[in-house]
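Visitor: Quick one, what's the 3D model for this:
(chains A and B)
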Number of protein chains: 2
Amino acid sequence: MERHFDEQLRELKEQLLRMAALAEESIATAVSGLKDRNEEETRAVFEIEEQVNQLDIEIDRRCFELLALKQPMAVDLRFIVSSDRIGSELERIADQAVNIAQRALDLLKHPPLKPLMDLPRMAGLAQGMVRDALTAFVNRDEALARDVCRRDDEVDALNDQIFRELLTYMMQDAKNIERAVDLILVGRHLERIADNATNIAEDVIYLVKGKTIKHHYETRDFSESET
Amino acid sequence: MERHFDEQLRELKEQLLRMAALAEESIATAVSGLKDRNEEETRAVFEIEEQVNQLDIEIDRRCFELLALKQPMAVDLRFIVSSDRIGSELERIADQAVNIAQRALDLLKHPPLKPLMDLPRMAGLAQGMVRDALTAFVNRDEALARDVCRRDDEVDALNDQIFRELLTYMMQDAKNIERAVDLILVGRHLERIADNATNIAEDVIYLVKGKTIKHHYETRDFSESET
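Guide: Below is the predicted model of the structure:
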């Protein structure tokens, strides 16, 4: 029975890693579809999201079963609760990638406003945050998780810079407005993906330390629940 | 012991209702601060969010304790898991209200672009969705929860209309651009609040029916986990 439980926890971890790989792929595909003006590639994001949604439901079910059928002790319980939350964040990331793909399909109907450099760079940063948050989860690496949280500021700064540049395009010529607004929204979606990755990193710290750093209330301690 | 457990579940429900009332208040305050151009009111949103964050942490802790110390049976387990998720959604709603307040503070530095009618209407719809989602939760009212899910389309349609109108303002005069972009973002944040309320309604259906309607996979059934 004990063995079977460990087996199930391992499978849960593998499902999360598969889901994270798909979430990363959805970001990369959405942004390179936009950059390379490739409609077919852009549409592939919708299929990736289907797979992510399917995994999300499977992970929900597995977490619930593990909670219902076993009586997990503190550290396993934290692992299951964290897994459930991480699954939700990954699902939201794939949702944001779909939002980006929808903006991209709009943008592909018109000539490009400008060559895209900073948005793909921002996408690369966000992808790196997702990847490292999951690596931190698998290795229970608190230092790496904290590094992910820090990198969120970099993404926010880059987004502000992109936003300001696009404003100047709109001011210059009213014909730029619709495309610039679409690109601003792409930036917003990437910023939110970085937020989701940060939430995952916070869940990892909760998993490792048994305390929450949500909302910067780092002093709060969950350890008293560990019986 | 049994009594004490019921007591704890009741307290959890009350905390969620308090959190929902605060989340609703944060939306109303952010949007009326913007509409009435009242900086003090707008800033009050930040204090409300502090309270919401505090409750979020308390609810997390309580759910974890209930899972760790008791061995809840199927229906209670679903209640605890749903409560944890609903708490997260309410926290995100207050976050969106903070985003709206930040846009509002920007907008208050400039003369108004236009009298605001549709955004407050949209805020009213979103608030109603949050309120009804929580009522559905308390009364385990599946029909009301489904009604909340349906109303999400109304909010999306109104947001599209607002977006299009603001585009015309930007086209007319480059001086309108910055303010119009801020208002477009306010619309986006309200749209996301309606999404969060829809997620809560989906959690209520999961609670009542024991099956997920996430991602429209309504056929999947969790009941086999109910031992």
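
Visitor: the helices in chain A, which residues?
Guide: For chain A, the helices defined by DSSP state H occupy A:2-35, A:39-69, A:74-107, A:118-139, A:142-172, A:177-209.

Visitor: Can you say which of those helices is nearest to chain B?
Guide: Chain B lies closest to helix A:39-69 among these, at 4.0 Å (CB to the nearest CB). For the C-beta atoms, the positions are set from N, CA and C on the backbone; glycine is no exception.

Visitor: thinking again about what came up before, which one of the helices of chain A lies nearest to residue B:198?
Guide: Smallest distance to residue B:198 across the helices of chain A (CB to CB): 12.5 Å, for helix A:74-107.

Visitor: how far is that closest one from where the chain is centred?
Guide: In terms of CA atoms, centre = their mean, to the nearest Å, the centre of helix A:74-107 is found 5 Å from the chain centre.

Visitor: Okay, buried residues for it please.
Guide: By 16 or more other CB atoms under 10 Å in any protein chain shown, the buried positions in helix A:74-107 come out as A:76-105, A:107.

Visitor: swap in stretch A:38-58?
Guide: Buried-residue list, stretch A:38-58, by 16+ other CB under 10 Å: A:41, A:42, A:44, A:45, A:48, A:49, A:52, A:53, A:55, A:56, A:57, A:58.

Visitor: Work out which residue lies at the spatial centre of chain A.
Guide: In chain A, the residue lying closest to the centroid (CA atoms, centre = their mean) is residue A:93, at 4.0 Å.

Visitor: That one reaches residue A:195, doesn't it?
Guide: No: using CB atoms under 8 Å, residue A:93 is not in contact with residue A:195, being 9.7 Å away.

Visitor: what stretches of chain A score poorly on pLDDT?
Guide: By pLDDT under 70, the low-scoring segments of chain A are A:1-3, A:212-214, A:216-227.

Visitor: Output the helices of chain A as TSV; include the columns distance to chain B.
Guide: Shown next, in TSV, are the helices of chain A (distance: least, CB to the nearest CB, whole Å):
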stretch	distance to chain B
helix A:2-35	13
helix A:39-69	4
helix A:74-107	6
helix A:118-139	17
helix A:142-172	5
helix A:177-209	5
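
Visitor: Just send the ones you listed back as a markdown table, with distance to residue B:6 too.
Guide: Formatted as a markdown table, the helices of chain A follow (distance: least, CB to CB, whole Å):
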| stretch | distance to residue B:6 |
| --- | --- |
| helix A:2-35 | 29 |
| helix A:39-69 | 19 |
| helix A:74-107 | 22 |
| helix A:118-139 | 35 |
| helix A:142-172 | 37 |
| helix A:177-209 | 28 |
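
Visitor: Looking at those, spot the one closest to residue B:35.
Guide: helix A:177-209 (22.9 Å).

Visitor: ok and the closest one relative to helix B:177-209, angle-wise?
Guide: Taking axes from the mean of the first three to the mean of the last three CA atoms, to 10 degrees, one finds helix A:177-209 and helix B:177-209 inclined to each other by 50 degrees.

Visitor: ok, back up a step: closest to residue B:114 among the buried residues of stretch A:38-58?
Guide: Ranked by distance to residue B:114 (CB to CB), these are led by residue A:42 at 34.5 Å.

Visitor: Surely that closest one and residue A:33 touch.
Guide: Yes: using CB under 8 Å, residue A:42 is in contact with residue A:33, at 3.2 Å.

Visitor: For these two, list the residues in contact with both.
Guide: The contact sets of residue A:42 and residue A:33 overlap at A:101, A:104 (CB atoms under 8 Å, 6 or more residues apart in numbering or on different chains).

Visitor: backbone phi and psi for the closest residue to residue A:5 other than its chain neighbours, please?
Guide: Nearest residue to residue A:5, sequence neighbours excluded (CB to CB, 6 or more residues apart in numbering or on different chains): residue A:70, at 5.6 Å. Dihedral pair for residue A:70: phi -110, psi 170, per degrees, to the nearest 10.
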